[in-house]
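Undergrad: pasting the structure only:
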Ligand code: SF4
């Protein structure tokens with residue numbers, strides 16, 4: 001890792017990172033070296049931290065969790081390091097009340113468009129017998145799965161009937177929504193229900209919660225989301241380094257990217273440093289996409305928003321500005337906003353999704369994992385989306401590819417807690433090994 005910032009010449013750092021990144025990618029001997037380096041640096045970091053116990057490195061993004069789980073990276077880690085998933089799954093953290101509102105709209109005859117995973121997301125309360133948009137559709141509601149807001153716009157234009165797009169996501173989807181609204185690309189019969197969430201507040205929250213629990217291994221490093229950072233820039237994560245003294249690496253999504261990012265975090269820890277570094281320099285810059293940031297700022301205002309099972313986080317959501325109220329589903333259809341007064345804990349009994357998304361619990365800590373809650377029949381929201389940690393662990397949790405990679409690298413898969421070894425592969429309804 002050559003690129004790290006706490007100011008200084010961003011251009012020089014980016015150039016260095018690109019050179020080093022190119023050498024890091026796609027070769028097995030390098031992967032082996034990185035794993036060896038990680039094991040050595042973990043011992044040095046442990047000495048520096050002065051704590052013989054384990055420590056946590058959080059991967060924020062669902063796609064990083066997928067890479068880590070799918071390629072068995074946990075099983076390659078030394079025993080000091082626990083890789084934990086963060087809140088990087090927008091479906092997992094969308095409050096139940098908004099799903100209930102979308103169900104209500106669909107059953108009232110409004111055409112509701114959304115993404116495939118939101119279609120399956122359950123609400124905590126049923127609305128006229130439906131607890132998800134898929135159930136609303138079964139009861140005659142008008143619900144259609146689309147890939148994007150523009151797909152919804154095309155379809156809504158074709159039929160001309162009252163329609164709503166349920167727009168969940170993080171910073172990555174916001175520029176597309178903003179562009180469509182500012183450019184007037186939406187037909188007059190289609191309204192946007194913006195449920196966009198902003199990721200830095202959730203990261204700060206996760207770190208603080210674990211700090212308040214002395215019994216929990218602390219988060220000592222963060223693998224920051226690559227896609228989000230293409231928009232926000234790596235600078236968005238400076239508060240993590242400066243306020244909490246935690247190294248942050250904006251990482252790409254290849255296994256070697258993740259290994260290189262872990263090595264950089266440990267290098268900083270072993271030196272007593274905490275900076276923001278960019279490993280994913282082929283896509284991410286320090287300042288991000290300024291044009292995208294500008295149109296998002298024009299279309300949306302930042303609001304305190306509720307996160308499912310967690311509650312309100314300050315300045316963590318985006319709603320359309322009043323200048324664009326004619327496109328706003330909240331305004332047009334009286335969609336209820338979640339407020340501190342009407343928000344209540346919105347996970348089903350026994351579901352530990354709120355702890356899973358802040359890195360406090362692993363999916364396998366949940367007694368319902370792969371019993372009452374499976375990818376084909378999710379009980380909690382973290383099992384619905386392919387970005388949800390429970391769904392990822394259920395589908396790709398070790399065995400198979402993970403062990404194969406460990407063997408190729410000449411490394412004994414770790415049996416540490418936090419490795420997914422023992423969870424087993426999941427295909428359809430097949431029960432996990434040891435799950
Ligand atoms: S396994 Fe299911 S019930 Fe358990 S935490 Fe995950 S989503 Fe919730």
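TA: Noted; the coordinates are in hand. If you're wondering where the values come from, they're calculated on a predicted model, not measured in any experiment.

Undergrad: got a list of what residue 314 touches?
TA: Listed by CB atoms under 8 Å, 6 or more residues apart in numbering, the contact set of residue 314 reads 201, 304. C-beta: built from backbone N, CA, C; applies to glycine.

Undergrad: Can you tell me what sits against stretch 175-193?
TA: Contacts for stretch 175-193 (CB under 8 Å, 6+ apart): 98, 101-102, 113, 148-150, 152-153, 156-157, 160-167, 194, 196, 231, 289, 292, 295-296, 298-300, 320, 324, 326-330, 332-333, 335.

Undergrad: now do stretch 379-389
TA: Defining contact as CB under 8 Å, 6+ apart, one finds that stretch 379-389 is touched by 61-63, 65-66, 85, 88-94, 117, 120-122, 308-309, 347-348, 351-353, 356-357, 363, 366, 368, 372-375, 378, 390-392, 394-395.

Undergrad: 7 Å instead, please
TA: For stretch 379-389, contacts defined as CB atoms under 7 Å, 6 or more residues apart in numbering pick out 62-63, 65, 85, 88-89, 91-92, 117, 120-121, 308, 347-348, 351, 353, 356-357, 363, 368, 372-375, 378, 390-391, 394.

Undergrad: buried ones in stretch 185-192?
TA: 185, 186, 187, 189, 190, 191, 192 (16 or more other CB atoms under 10 Å).

Undergrad: in this protein, which helix has the most residues?
TA: helix 28-49 (DSSP state H).

Undergrad: C-terminal to that helix, which secondary structure element comes first?
TA: strand 55-61 (DSSP states H and E).

Undergrad: Give me the packing partners of that following strand, helices and strands only.
TA: Applying 3 or more CB pairs under 7 Å, 6 or more residues apart in numbering; DSSP states H and E, one finds that strand 55-61 contacts strand 81-88, helix 199-211, strand 219-224.

Undergrad: which residues sit in contact with residue 223?
TA: Counting by CB under 7 Å, 6+ apart, residue 223 makes contact with 57, 58, 59, 60, 64, 249, 251, 258, 261.

Undergrad: Okay, the residue nearest to the fourth one when sequence neighbours are not counted and residue 133: tell me how far apart.
TA: Pointing back at residue 60 there. Excluding its sequence neighbours, the residue lying closest to residue 60 (CB to CB, 6 or more residues apart in numbering) is residue 86, at 3.9 Å. Applying CB to CB, to the nearest Å, the value for residue 86 to residue 133 is 26 Å.

Undergrad: Distance to the ligand and mean pLDDT for the helices and strands packed on strand 55-61 - can I get that in CSV?
TA: Below are the helices and strands packed on strand 55-61 laid out as CSV (distance: least, CB to the nearest ligand atom, whole Å; pLDDT from 0 to 100):
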stretch, distance to the ligand, mean pLDDT
strand 81-88, 11, 92
helix 199-211, 16, 89
strand 219-224, 19, 94
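
Undergrad: Around the ligand, pick out the residues from the stretch 251-400 of the chain.
TA: 351-353, 356, 363, 366, 368-369, 373, 379-380, 382-383, 390 (CB under 6 Å from any ligand atom).

Undergrad: List the ones among the residues you listed that fall in strands.
TA: Of those, none are assigned to strands by DSSP state E.

Undergrad: Redo these as CSV? Include pLDDT, neighbour count and distance to residue 43.
TA: Below are those laid out as CSV (pLDDT from 0 to 100; neighbours: other CB atoms under 10 Å; distance: CB to CB, whole Å):
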residue, pLDDT, neighbour count, distance to residue 43
351, 98, 23, 37
352, 97, 21, 32
353, 97, 28, 34
356, 94, 31, 29
363, 93, 29, 29
366, 95, 24, 32
368, 96, 18, 37
369, 93, 26, 32
373, 95, 24, 38
379, 97, 22, 41
380, 97, 27, 37
382, 97, 35, 33
383, 96, 31, 36
390, 95, 34, 32
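
Undergrad: between these, which is closest to residue 48?
TA: Nearest to residue 48 among these is residue 356, at 29.1 Å by CB to CB.

Undergrad: How about whichever residue of the chain sits closest to the ligand, nearest residue that isn't a chain neighbour?
TA: Nearest residue of the chain to the ligand: residue 380, at 2.4 Å (CB to the nearest ligand atom). Closest residue in space to residue 380, ignoring its immediate chain neighbours: residue 351 at 3.5 Å, by CB to CB, 6+ apart.

Undergrad: Just the buried subset of the contacts of stretch 175-193, please.
TA: Applying 16+ other CB under 10 Å to the contacts of stretch 175-193, the neighbour count classes 98, 101-102, 113, 148-150, 152-153, 156, 162-167, 194, 196, 231, 289, 292, 295-296, 299-300, 320, 324, 327-330, 332-333, 335 as buried.

Undergrad: Could you pull out the helices in the stretch 101-250 of the chain for me?
TA: All helices of the stretch 101-250 of the chain, identified by DSSP state H, counting those that start in this stretch, fall at 116-120, 133-138, 149-159, 174-182, 199-211, 226-232, 238-244.

Undergrad: Just the mean pLDDT for the biggest strand by length in the chain, thanks.
TA: Across the chain, the strand with the greatest residue count (assigned by DSSP E) is strand 311-320. Strand 311-320 comes out with an average pLDDT of 96.

Undergrad: could you give the angle of that strand to helix 174-182?
TA: 40 degrees (axes from the mean of the first three to the mean of the last three CA atoms, to 10 degrees).

Undergrad: So which bits of strand 311-320 are buried?
TA: So strand 311-320, judged by 16+ other CB under 10 Å, has buried residues 311, 312, 313, 316, 317, 318, 319, 320.

Undergrad: residue ranges with poor pLDDT in the stretch 51-200 of the chain?
TA: 51-53 (pLDDT under 70).

Undergrad: what pairs with the most centrally placed residue in the chain across the strands?
TA: For the chain, the residue lying nearest the average C-alpha position, counting by CA atoms, centre = their mean, turns out to be residue 88 (1.2 Å). Counting by DSSP bridges, residue 88 forms beta bridges with residue 61.

Undergrad: can I assume it is in contact with residue 66?
TA: No - using CB atoms under 7 Å, residue 88 is not in contact with residue 66; the gap is 10.2 Å.
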